[in-house]
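K.L.:
I'll drop the sequence and a predicted model, then ask my questions.
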Amino acid sequence: MEDNNSSCSSVMTGLSPASFLQRTLERLSSTQCLKLQTEEVSPVAVIALQRYLSEQTDGQQQQQQQLDSYSYDVTVTDGVWRAKCFVHPGLNHLVHTNTLRTGTDISITQCSFVYNERRLGHGYICIEKLRCGEERSAVLSRVKDVSSLPMLVKHGMERSVVLQSDVPLQVSRKHYLSLWNNDDPEGDIWTSGSPSSDTVLDVSKITLLCSLESSFRNTWKPFPLLVKIIHKSRLRYYGKFGLKIDYPYQAYFEVADQSGTMSLVLWNELCPEFYQRLNVGTVLYLQNYTLKQSYSNRSHPQMDHHRMKTFNSVEICLNPRKPASVITVVSPKSVLPQWGLPEVSYQFITRSELENLSNNSACDVIGLVTFVGRVERVKSKGNKGPEKYWTYRWIHAVDGTSGHPFILEVFSSSQPEIFSRICPMTYLVCTQMRVCQVEGSMPYLTSSFETETFITGYHKGQPYVSDPKVKSFIQWTKTLKDNVVLQKTAVGGHYCYPRPPKKYTQPTADASAQAPLVAVADLKKELETLQYREHKKLAIQGQITAVCYMKSLKTTKSQGTEEKEVPDVPPDVCEGAVPDTNNGPSTAEQTLSPPAEKISANKRKRRIQTREATQSSLNRDSLPAKRMPGPKTTEEEEEESDSESDVQEVEYRPQLQNQDSAVLSWESSSWQRQRQEVSERLCQGGLYKDSVSRRFTFDEKDVLLPRSNLQPTRWAPEQGTDTVPPVVCPGYYQVTILGINKQIAVDAAYFPVVSSDEPRAVGLPQDHHGNTMLSCLSSGFLCPLSDTASLSEETPPEPEEVLVTASELEDTHVVCILDLCHLGGDQVEVLISKVYRVTEVSLD
């Protein structure tokens, strides 16, 4: 190990030869400059990655605060010790892209020791540079019980409670946030399952909710309240820079007694203590509460079905101090009928009733899950504080009353344990869902702020179990056979609903349903700033200049050789243009191929170009299509030459195995010339293994579910122990879109629906079309969809039959709707959702 400064190069004797972390800490303690660099390759495993709001530093500019809103602590182990370290803000982008993640190995190449200048006996290792290792950790495979390994703390700091606790290293923050959103409880501070009180309550002096509105304006002493919770919201985190509140959380509930209903708000540190103990149906005895005027802008559940009077001018506040509210959770067996507390009521609907409900009406649903999409994230709009993401997933559930499933857009509801365990074949209950009626498609349901979800294993004791429609559903499930239902199940993959409308209208600022139209240069910026599992829908205009049919999924280079510091990657380097193992050449490659043969399309008289993947074309075409203009230094040329030979070496050998396969492609007559003139080509487009849904089986459940969930904040021994089952590539089209100003080209994947068994086929408007390339891009599917249950002899067209019609794309001005999703690492999914001719665009 070498230091930055030669005066810091003294070596202590007696270092533990087995522990890299202990050697590093002792070395840092013995140096004068507190910073070390090393060329020693000694990997450590990431076992925890935790997020919290950054500290506000003196002189920090507002713009920088927005860029680095959050800080990260990483816990690593070398198999002998564990150490919690601070991740330098310059490495935050590795967390944002899920490159630095739990369950993998890293090599620390530069670190420092940081003392807290405002607190005695507190300091930590700061990781400043690192290399990310392979997909699976070699270190963790040698460790039997990670939790039994001792925590490494600098000598003299052993008594620091902070260093030994589940709290951030930056001491101004008292708690961690969930890694991927701000809504879920995270860490040891959140208590649950505490015993409710069996103490005898004095209910002789309680006051009713109906009397609180009249008491609000007067000087009054609050008498106790005895209420039942009938609705519960998700958590709200309102932390921001400069806020002097240790636990800035809020949650609200709707509570009721015999006189009516009123909102109750739980504030700050009472949320970690009580939020997970306060559930729908829980009875509370409240003392030392306060009243305040209701906040008009927050959402409320729809409660007409309760048939109770709603008192909405004031709300009950429970505070940790001034005054300190006293909350007593009453044991269910202690609740007496004479208290007159109302029963919790629901408004369950069946799938057959859904079409008759008006838009935005509320309902509760129960169904048997048949499809669970991957968890994705969307950035919260209009948020003035630190950036916030919502996490959500798409779900299909059937109830036997219709041939169609419920299509559910379920957002995280501060129930992370349930949200991550939703899987096919489970009974799912979602409360307070909102109806979304879609013109030309089937309606779907989306979460509200008051939605709660429950799955098999969590239904016991819930008030809805006695609801007649729930009982009817349970009776229906008893007639099912698991092996039959399993044939119709799926997990993960790309899924987006509803389809874009038939006519594209450029959206106004407040129209969130339509994809915003952006310049291609802005699309580049969106791709560069996209974070892990973040989903965006955007529109660009231009011309389609090339289409290539691909038979293999796209892969990315191993991360093992990448130096993950603050990389400066030239924007013109386009790794996405290189096809993966056993692929035909990509769109970029096929345009440099030898002269085409002519083949006759089945049942068609038109002709299509077919190109052979040969050794010479492969070697040439593995390179980026066009370099950015400008002089290169000799060093840059050498680096470029090395990187190009590396690409050829990696890609060349597998391609030889596939030399006899024809590559089906089309390109416009002007593309050969235009491609020489484009300044840049964005080549992220492609289909990855996580883009394709998989059939669900109970045997593979423990492998499939983590794959569709977000990367966990803590490594668990079962994480990554089983091999992910292979996914069969259904084939897709690589489409090159040239921007309207012909300066930038974009590669995107078109992944058509080909079977009615696919989750993406549900709710898809299936108007018959002629299977031309343009009609397929417009509709999203091949006509007709194959159906395993159908006896029809009509089958979808072959790729060559579709591509033979691609000449109609020549010089056609189109608007392309793109779905972007960051899959982690350097995998960015760019899929074409729909293509409009300009004649199908409204200019209003």
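P.N.:
Here it is on my side, so go on. Numbers count the residues shown, from 1 in each chain.

K.L.:
where in the stretch 701-844 of the chain is pLDDT low?
P.N.:
719-722, 788-793, 844 (pLDDT under 70).

K.L.:
in the protein, which strand has the most residues?
P.N.:
Criterion DSSP state E: the longest strand present in the chain is strand 535-550.

K.L.:
Can you show me the CA trace of that strand as CSV?
P.N.:
Coordinates of each C-alpha in strand 535-550 appear next as CSV, following Å, rounded to 0.1, in the frame of the first residue of the first chain:
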residue,chain,number,x,y,z
HIS,A,535,-38.9,4.8,-16.0
LYS,A,536,-39.6,7.7,-18.4
LYS,A,537,-41.8,8.0,-21.5
LEU,A,538,-40.7,10.5,-24.1
ALA,A,539,-41.5,11.4,-27.7
ILE,A,540,-39.0,12.3,-30.4
GLN,A,541,-39.5,13.2,-34.1
GLY,A,542,-37.5,12.1,-37.0
GLN,A,543,-37.2,9.4,-39.7
ILE,A,544,-36.6,5.7,-39.4
THR,A,545,-33.5,5.0,-41.5
ALA,A,546,-32.7,1.3,-40.6
VAL,A,547,-34.3,-1.8,-39.1
CYS,A,548,-32.6,-5.0,-38.2
TYR,A,549,-34.2,-8.2,-36.8
MET,A,550,-32.3,-9.5,-33.8
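
K.L.:
just the helices in the stretch 651-800 of the chain please.
P.N.:
671-677, 701-708, 773-779, 799-803 (DSSP state H, counting those that start in this stretch).

K.L.:
quick one: which of those helices is nearest residue 187?
P.N.:
helix 701-708 (20.8 Å; Cβ to Cβ). Placement of C-beta: from N, CA and C, glycine included.

K.L.:
got a list of contacts for the closest one?
P.N.:
Helix 701-708 is contacted from outside by 372-375, 393, 420-421, 423, 491-492, 690, 694, 696, 712, 718-720, 722-725, using Cβ atoms under 8 Å, 6 or more residues apart in numbering.

K.L.:
ditto for stretch 756-769
P.N.:
371, 373, 396, 404-405, 407, 438, 440-442, 444, 488, 490, 493-495, 497-499, 693, 753, 755, 775-776, 778-781, 783-788, 790.

K.L.:
The residues you listed, buried ones only, as a ChimeraX selection?
P.N.:
Restricted to buried positions by 16 or more other Cβ atoms under 10 Å, the ChimeraX selection for the contacts of stretch 756-769 reads:
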select :371,373,396,404,405,407,438,441,442,444,488,490,493,494,495,497,498,499,693,753,775,776,778,779,780,781,783,784,785,786
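
K.L.:
Okay, strands next: where are they in the stretch 201-350 of the chain?
P.N.:
Here the stretch 201-350 of the chain has its strands, by DSSP state E, counting those that start in this stretch, at 225-232, 236-237, 249-257, 260-267, 283-287, 290-293, 310-318, 326-330.

K.L.:
Which one of those strands lies nearest to residue 808?
P.N.:
Each of the strands of the stretch 201-350 of the chain was scored for nearness to residue 808 using Cβ to Cβ, and the closest is strand 236-237 (51.5 Å).

K.L.:
Can you list the strands that that closest one pairs with?
P.N.:
strand 249-257 (antiparallel) (DSSP bridges).

K.L.:
distance between the strand it pairs with and the chain's centre?
P.N.:
With Cα atoms, centre = their mean, to the nearest Å as the basis, strand 249-257 stands 28 Å off its chain's centre.

K.L.:
Then stretch 169-177?
P.N.:
With Cα atoms, centre = their mean, you get 24 Å for stretch 169-177.

K.L.:
Make residue 1 into 51 and carry on from there
P.N.:
Got it, the first residue is 51 from now on, which makes the last one we talked about stretch 219-227.

K.L.:
Against residue 173, how distant is residue 164?
P.N.:
Using Cβ to Cβ, to the nearest Å, we find residue 164 at a distance of 6 Å from residue 173.

K.L.:
Check residue 364 too.
P.N.:
Taking Cβ to Cβ, one finds residue 364 at 49 Å from residue 173.

K.L.:
quick one: which of the two has more around it?
P.N.:
residue 173 (22 against 19; other Cβ atoms under 10 Å).

K.L.:
Now do that one, the pLDDT please.
P.N.:
For residue 173, the model assigns a pLDDT of 90.

K.L.:
what's near enough to touch it?
P.N.:
163-166, 204, 207.

K.L.:
Kindly recompute the last result at 6 Å.
P.N.:
164-165 (Cβ atoms under 6 Å, 6 or more residues apart in numbering).

K.L.:
picking up where we left off before, out of the strands of the stretch 251-400 of the chain, nearest to residue 76?
P.N.:
The minimum distance between residue 76 and the strands of the stretch 251-400 of the chain falls on strand 286-287, with 38.9 Å, by Cβ to Cβ.

K.L.:
neighbouring contacts of that closest one?
P.N.:
232, 299-300.

K.L.:
again, only using 10 Å
P.N.:
Strand 286-287 is touched from outside by 103, 225, 227-228, 231-234, 297-302, 315, 321, 348, 435-436, 438, 464, 499, with contacts defined as Cβ atoms under 10 Å, 6 or more residues apart in numbering.

K.L.:
on that earlier part again, so which of the contacts of helix 751-758 sit within strands?
P.N.:
Mapping the contacts of helix 751-758 onto strands (DSSP E) picks out 422, 443, 541.

K.L.:
and of the residues you listed, the nearest to residue 336?
P.N.:
The closest of the ones in strands among the contacts of helix 751-758 to residue 336 turns out to be residue 443 (Cβ to Cβ; 35.7 Å).

K.L.:
right, and that closest one touches residue 545 too?
P.N.:
Yes: Residue 443 is in contact with residue 545 according to Cβ atoms under 10 Å; the separation is 8.8 Å.

K.L.:
Touching both of these two, which residues are there?
P.N.:
Common contacts of residue 443 and residue 545 (Cβ under 10 Å, 6+ apart): 422-424, 426.
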